[in-house]
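Peer 1: quick one, fold the following:
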Amino acid sequence: MSHLDRLRAVFRRALNLPADAPVDDLEYRAIQQWDSLAHMALVAAMEDEFSIMIDTDEMIDMSSFAAAAELLDKHGIGTAAV
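Peer 2: You can find the predicted model right below:
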């Protein structure tokens, strides 16, 4: 499973979305499930899944699935282009 597929799975789990829900175009607060509380759960899930530490600025800047993929790249986890 690619890092990008793992990230998709993290998004689906953290946001309680169906297993086949498209997430590549998701943006923060664009759907009801992705509120501030879910954002914190998503960050924690990403930290657990990829063994990284996301700092406060990164957490605030992570406003979309694409931004999350870029964040993983920044932490040295290659996701390939979204």
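
Peer 1: longest helix in the protein, please.
Peer 2: Ranked by residue count and defined by DSSP state H, the top helix of the chain is helix 36-50.

Peer 1: and the very next helix or strand once past that one, average pLDDT?
Peer 2: For helix 36-50, the following helix or strand on the C-terminal side (DSSP states H and E) is helix 56-61. For helix 56-61, the mean pLDDT works out to 96.

Peer 1: CA atoms only: put the longest helix of the chain into PDB for me.
Peer 2: Extracted in PDB, the C-alpha atoms of helix 36-50 (Å, rounded to 0.1, in the frame of the first residue of the first chain):
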ATOM      1  CA  SER A  36     -12.100  21.300  14.400                       C
ATOM      2  CA  LEU A  37     -12.500  18.300  16.700                       C
ATOM      3  CA  ALA A  38     -12.100  15.900  13.700                       C
ATOM      4  CA  HIS A  39      -9.100  17.900  12.600                       C
ATOM      5  CA  MET A  40      -7.300  17.100  15.900                       C
ATOM      6  CA  ALA A  41      -8.300  13.400  15.500                       C
ATOM      7  CA  LEU A  42      -7.000  13.400  11.900                       C
ATOM      8  CA  VAL A  43      -3.600  15.000  13.000                       C
ATOM      9  CA  ALA A  44      -3.300  12.400  15.800                       C
ATOM     10  CA  ALA A  45      -4.100   9.600  13.300                       C
ATOM     11  CA  MET A  46      -1.500  10.800  10.800                       C
ATOM     12  CA  GLU A  47       1.100  11.000  13.600                       C
ATOM     13  CA  ASP A  48       0.300   7.400  14.600                       C
ATOM     14  CA  GLU A  49       0.200   6.000  11.100                       C
ATOM     15  CA  PHE A  50       3.400   7.600   9.800                       C
END
